[in-house]
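Enquirer: Here's my sequence, what's the structure:
(4 chains)
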Protein chains: 2
Amino acid sequence: MKNRFVEKLAALAELSADDRRALESATIRPRQYPAKHDLIREGDTPGPMFVMLSGWACRYKILPSGARQITAFLMPGDACDLHVGMLREMDHGIQTITAAQVATISRGEMQMMMDGHPGIARAMYTAQLVDEGIMRAWIVSMGRRSSIERVAHLICELYLRARAIGLAGDAEFALPLSQVILADALGMTPVHINRVIRELRLSGAMALQGGNLKIHDPVKLVTTAGFDENYLHRRLG
Amino acid sequence: MKNRFVEKLAALAELSADDRRALESATIRPRQYPAKHDLIREGDTPGPMFVMLSGWACRYKILPSGARQITAFLMPGDACDLHVGMLREMDHGIQTITAAQVATISRGEMQMMMDGHPGIARAMYTAQLVDEGIMRAWIVSMGRRSSIERVAHLICELYLRARAIGLAGDAEFALPLSQVILADALGMTPVHINRVIRELRLSGAMALQGGNLKIHDPVKLVTTAGFDENYLHRRLG
DNA sequence: CGAAGGGTTGATCAATTTCAATCGCGGTGG
DNA sequence: CCACCGCGATTGAAATTGATCAACCCTTCG
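Expert: Numbering: from 1, shown residues only, chains lettered A, B, ... in the order given. I've put the predicted structure just below:
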């Protein structure tokens, strides 16, 4: 059973066997959560760092109107909030989407690990930069891409992220996101998401059904998304 | 003449006199750039860290269609890309909006400064967290706020940021952003920005003219924005 | 069996973009 | 000195995207 956290960091920076052991022992005791479980809520005092070992989660914010906006998806291997303990309170919540195994690492423990393992520190900082790049890409999508481009772009991003951690097949991966969740992430209505997905299916680019996404025409998908994978900064080989 | 960088960091974490001296000497020799000057372009190899000492700049991305999306505004005191030297190439550009004084700090120098001055390290990490909070707030705005709410929300953010660095008066501050730039930041058309600004003026909430923004009715502005300043994580007095 | 959640579809409505023009102002070359 | 140019702001009208409202279907699950 692979440790997705170690896998992901190893893809971002060179890790020694010792680095890997440290990361593995820090995440040896994950907790299991059901779907739709709040790991932390807006207004809570920040606690330890979360590490997703399996399952998906999201950051989200609820507006006064009751509308929800998802600001990030967390996939296996993703850690969140390296430094967040410095803040007084959370400005958003984090909730599981599927059942998930989540490890926690205290701020002190993480600090010690990064002090003693420069490779880990490098990988964590790079992961942070990638996350920021993803946030910027989301801003670009929301601001300047049409609904069909937005959906296609998100699918491209999620496919590459899934593939980077060994969760995607050749042109297919498990995408456990309901249309409501996609709508909340992309700033659209579920109704419109549904139509856009149909349009992408009819165009032959991709198909999403039963939590499984198949990319039928990668070139078409990438061009309709205007996707440039540069921002994900994946290390070669 | 105040050093806005030191001011800003001091507002985020306790800084000793020695910390301040270190920051000041690192930014003693800023360069002057004209408006609309690219500090770094998408595709460039990342260089040193930039520190804005005066003037405004923005991060931006150009899409294949030629459309531009601004993903962040940089104001005096803002530094960018603490760790960005780890990446192979920039996934976006940074351009001055007004004439600006910009200091550069090499990655090595910054590392040494943070190693030797824990207060500086704390302040930098907190600044980073605030920047991430701002990005998330932008995503929320673009996804789930109407155009008038978006504009009002951005104005609230910029006012508080300006005030935090002593650049805002009681209910007024210099906002050197053209309607085209606001449009590129908020994912709208300049035409519509114009109408929304008029609407906000007619409602008595605020007025923007000649690069100066006056808040006539703070309560109205905040409520139409649905603004919650929590995410800016400003330290108490 | 009934209810709930997720997906799908049609019809209508509203927000925003697009297109097209005009205006004012500061700079600049003749 | 002044006509001309370019940029930013402003306004109107038409076109379009995506939201809203309202069903209906299917599957799962208590």
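Enquirer: and the host helix or strand of A:Glu157 with DNA strand D, contact?
Expert: For A:Glu157, the host element (DSSP states H and E) is helix A:147-164. Yes: applying C-beta under 7 Å from any atom of the strand, one finds helix A:147-164 touching DNA strand D at A:147-148. (Glycine included, C-beta is placed from N, CA and C.)
Enquirer: residues near the residue lying closest to A:Gly85 once chain neighbours are set aside, how many?
Expert: In space, and not counting its chain neighbours, A:Gly85 is closest to A:Arg107: 4.2 Å by C-beta to C-beta, 6 or more residues apart in numbering or on different chains. A count of nearby residues for A:Arg107, using other C-beta atoms under 10 Å in any protein chain shown, gives 17.
Enquirer: Then A:Leu87?
Expert: The burial count for A:Leu87: 18, using other C-beta under 10 Å.
Enquirer: Contacts only, for it.
Expert: A:46, B:126, B:129, B:233 (C-beta atoms under 8 Å, 6 or more residues apart in numbering or on different chains).
Enquirer: hang on, the earlier thing: contacting residues around the residue nearest to A:Gly85?
Expert: Contacts of A:Arg107 by C-beta under 8 Å, 6+ apart are A:48-49, A:85.
Enquirer: contacting residues around A:Leu175?
Expert: A:Leu175 sits next to A:155, A:158, A:208, A:211-213 when contact means C-beta under 8 Å, 6+ apart.
Enquirer: One more: A:Lys36?
Expert: A:95-97.
Enquirer: Among those, which one lies nearest to DNA strand C?
Expert: A:Ile97 (9.4 Å; C-beta to the nearest atom of the strand).
Enquirer: Provide the backbone phi and psi angles at the closest residue to the closest one other than its chain neighbours.
Expert: Residue nearest to A:Ile97 in three dimensions, not counting chain neighbours: A:Trp56, with 4.3 Å by C-beta to C-beta, 6+ apart. Per-residue torsions, A:Trp56: phi -110, psi 150 (degrees, to the nearest 10).
Enquirer: need the contact list for A:Trp56.
Expert: A:73-76, A:96-98, A:100, A:176-177.
Enquirer: Chain A: strands as residue ranges?
Expert: Applying DSSP state E to chain A gives strands spanning A:31-33, A:38-40, A:49-54, A:57-62, A:68-74, A:79-80, A:93-96, A:100-105, A:172-174, A:206-209, A:212-215.
Enquirer: could the ones you listed go into TSV alongside mean neighbour count, mean pLDDT and distance to B:Pro34?
Expert: Output for the strands of chain A, formatted as TSV (neighbours: other C-beta atoms under 10 Å in any protein chain shown; pLDDT from 0 to 100; distance: least, C-beta to C-beta, whole Å):
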stretch	mean neighbour count	mean pLDDT	distance to B:Pro34
strand A:31-33	14	96	53
strand A:38-40	18	95	45
strand A:49-54	22	96	43
strand A:57-62	21	97	38
strand A:68-74	22	98	35
strand A:79-80	20	90	40
strand A:93-96	20	96	43
strand A:100-105	20	96	47
strand A:172-174	17	96	48
strand A:206-209	17	96	46
strand A:212-215	17	96	46
